[in-house]
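Novice: Here's my sequence, what's the structure:
(2 chains)
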Amino acid sequence: MAQTLLQVEDLHTQFFTSRGVVRAVDGVNLHIDVGETLGIVGESGCGKTITALSILRLVPDPGKITSGRILFRGNDVVKMDDEEIRDFRGNDVAMIFQDPMTSLNPVTRIGSQIEEAMTAHKRFTPELAKSRVIELLTRVRVPSAEQRARDYPHQFSGGMRQRAMIAMGLSNEPSLLIADEPTTALDVTVQAQIIQLMKQLNRELGTAMMLITHNMALVASLCQRVVVMYAGRVVEEGPVEQIFKSPQHPYTWSLLRSVPRVDEARKDRLVSIKGLPPDLTNAPPGCKFHPRCPFVVDRCKVEEPPLGEVGPDQVARCWVLMRNVSEADIATAKQSSISVAAAEKLKAPAADIGGKAGS
Amino acid sequence: MQAAEKAPVTAVVSDPVILRVEDVYKHFPIAGFGGLAVRAVDGVTLEIRRGEALGLVGESGCGKSTLARLITALLPVTSGKIIFEGQEITKMRGARLRRMRRKMQMIFQDPFASLDPRMTVGDIIQEPLDNYGIGSGRERQRRVQELLRLVGLNPNFTNRYPHEFSGGQRQRIGIARALAVNPSFIVCDEAVSALDVSIQAQIINLLQDLQREFNLTYLFIAHDLAVVRHLSDRIAVMYLGKVVETAGRNDIYDHPQHPYTRALLSSIPVPDPEVERARAPILLKGEIPSAVNPPSGCRFHTRCPIARVPGICSEQEPLLEPHGQRDQLAACHFAGEK
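Specialist: Residues are numbered from 1 along each chain as shown, chains lettered A, B, ... in the order given. Take a look at the predicted model:
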């Protein structure tokens, strides 16, 4: 039986704005086992980053954790005092962000910054910290680490900066690394290097990893389990193999079919999800996804479904479930979206216009 | 329909190639460094056929966006020729260039930066019609409404401002504006990369529907190879200012000839955990070198897993020649080898 490292229970994080209360995280439950890799996917504004920031108690103003528990090895992060939370952030959990340039101090040498991360949390003596810098940079495969430690961030390329960030994140040997879109700003060949590195580090050090991303392919590549979020809620969760093979929530299903695959010849239209994610100050009644769902039934509009078990270790928040949707309904969901009538009208006058302007 | 036959472009419709890029260079001199220049586009030759979608891929700094700006005559070339519908646009100036530009429109990456925040959506879409003096005032307004309906927006939104729309809706506005003057050729520069996945799918589908409906020719520039493969008929791969391979969208994936293409394709994760477990990416050493002083010989040799260095790869520049499948070109001394 795997040991639970982090357990988030009924977490609510809200932003008190002039427009009203934004329910960014609205009753999230999730857990990570020791050494596990968990993916959290969803589109912008679904609450995935705020969930991560809540775990670190770094929610920016005017946001607040309003209720729920975040248990790390049994201790509630929400209730920690300043001293404890500092210790927790430095020694137990580390976070790396999308853009390494904005997270590094431009006027401090890379090596000194990594060293500072260690001495600030008093885990290592200054002497030991100094000697560990080179070791860490080598571990994240920065070539000629000894020289590069003396460089400033601007002398590093994007991929190298991300490696330096990972080195800093790992410097205090955390048991959980939270990575928020760690490869989104990188070119594909560099992205491949960083993915490879994260896989190796997870294997070598046994650091649990929480990967926050919109990229389903990255989850397939790096994670064992995945949580799908929509409008501040978990809508589906399960082992990656199962979720990718047999997604039960229509949102998960649409996400998977809305991105083209590089390894497949084009055979189908992409599934596009109509409309936009809801305004979280005023989310729709019933299932939050129902206004955009192609398979909506009456019940979805009034009553929100619970997270129900749909397979071994797989849960989904849906009254319908994809296994009950007919082929015909799926075909309808893929239909053309352009207005044929408008296209016809545009073609005729366009020809006229072409004649006039050309003369 | 009769009017269409009177249009002046019909004379060259028989030519299957709509755009020819011939040995085009674009160097940006670096001020204060006498003689030094960023060689953004460094000898590119390619063709786009009427009605096809050509995908242009490569990593940041490979010159793909600069090439797009040269093709649409937004930047002058340093040398070389660009021929659009049989006429050399690199030599055009003034009114002739303006007329030619009407047939080529561009859709940009950032729908937040590319729409004037102080103009209403109606004015934004109508501006090109005004610029070219197309139709009467009422005809223009009607056309703007039809364009909005075409791209899936409410035609009564003409008096709204860009900030009232989401990213996906703004991209639709950009598309409506590009289509306003009835172009035959559209350059999409990272047109979907700033959008969330579900919205991205809406725009990709829209671009495909529009191509079919209006018989458009696309140049589709993106760093996301999966999107490019989905949207394009043919794909050209650029590296450090040069085209290193071109092929049909399936051949390029099934039989890549250039080691850079192979590495690029193998780097892209696939949304399928079982495939992912078996996938072994070809990891390239380091990152793309500086375009100010590109490596000698084949510019990929410093990162190439099969380069013979020292030897032919670092000494002699390979030419873009037929290799592999029909209609496939690659610039590599050891094309097809692994």
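Novice: Tell me, how many residues neighbour residue 184?
Specialist: No chain was given, so I picked chain A. The burial count assigned to residue A:184 is 13, neighbours taken as other C-beta atoms under 10 Å in any protein chain shown. For the C-beta atoms, the positions are set from N, CA and C on the backbone; glycine is no exception.
Novice: that answer is for a different chain, and I need it for chain B
Specialist: Residue B:184 has 20 neighbouring residues, counting by other C-beta under 10 Å.
Novice: Over to the one 3 residues further on?
Specialist: If you count neighbours by other C-beta under 10 Å, residue B:187 ends up with 27.
Novice: what's the answer for residue A:282, then?
Specialist: 11.
Novice: now do the one 10 residues further on
Specialist: Here the count is done by other C-beta under 10 Å, and residue A:292 has 19 residues near it.
Novice: which residues sit in contact with it?
Specialist: A:273-277 (C-beta atoms under 8 Å, 6 or more residues apart in numbering or on different chains).
Novice: Over to the residue nearest to residue A:217 when sequence neighbours are not counted: give its phi and psi.
Specialist: Excluding the flanking residues, the one nearest residue A:217 by C-beta to C-beta, 6 or more residues apart in numbering or on different chains is residue B:269, at 3.8 Å. Residue B:269 adopts backbone torsions of phi -70, psi 150, taken as degrees, to the nearest 10.
Novice: Now do the contacts for residue B:269.
Specialist: A:195, A:215, A:217-218, A:220-221, B:276, B:279.
Novice: Quick check, central residue of chain A?
Specialist: For chain A, residue A:212 is the residue whose C-alpha lies nearest the centre (C-alpha atoms, centre = their mean; 1.9 Å).
Novice: That one contacts residue A:52, doesn't it?
Specialist: Yes - with contact taken as C-beta atoms under 8 Å, residue A:212 and residue A:52 are classed as touching, separated by 5.6 Å.
Novice: which residues of the stretch 151-300 of chain A fall in helices?
Specialist: Chain-ordered helices for the stretch 151-300 of chain A, with DSSP state H, counting those that start in this stretch as the definition, fall at A:158-170, A:188-205, A:216-222, A:240-245, A:250-257, A:298-302.
Novice: Present the ones you listed as TSV; the columns should include mean pLDDT.
Specialist: Formatted as TSV, the helices of the stretch 151-300 of chain A follow (pLDDT from 0 to 100):
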stretch	mean pLDDT
helix A:158-170	88
helix A:188-205	87
helix A:216-222	92
helix A:240-245	95
helix A:250-257	92
helix A:298-302	94
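Novice: I'd like those helices as a markdown table, with mean neighbour count appended.
Specialist: Formatted as a markdown table, those follow (neighbours: other C-beta atoms under 10 Å in any protein chain shown):
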| stretch | mean neighbour count |
| --- | --- |
| helix A:158-170 | 24 |
| helix A:188-205 | 19 |
| helix A:216-222 | 26 |
| helix A:240-245 | 20 |
| helix A:250-257 | 25 |
| helix A:298-302 | 14 |
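Novice: Need the pLDDT of the residue nearest to the centre of chain A.
Specialist: Taken from the predicted model, the pLDDT recorded for residue A:212 is 95.
Novice: quick one: contacts for the residue nearest to residue B:159 when sequence neighbours are not counted?
Specialist: Using C-beta to C-beta, 6+ apart and skipping the chain neighbours, the partner closest in space to residue B:159 is residue B:120 (5.3 Å). When contacts are counted by C-beta under 8 Å, 6+ apart, residue B:120 is found next to B:158-161.
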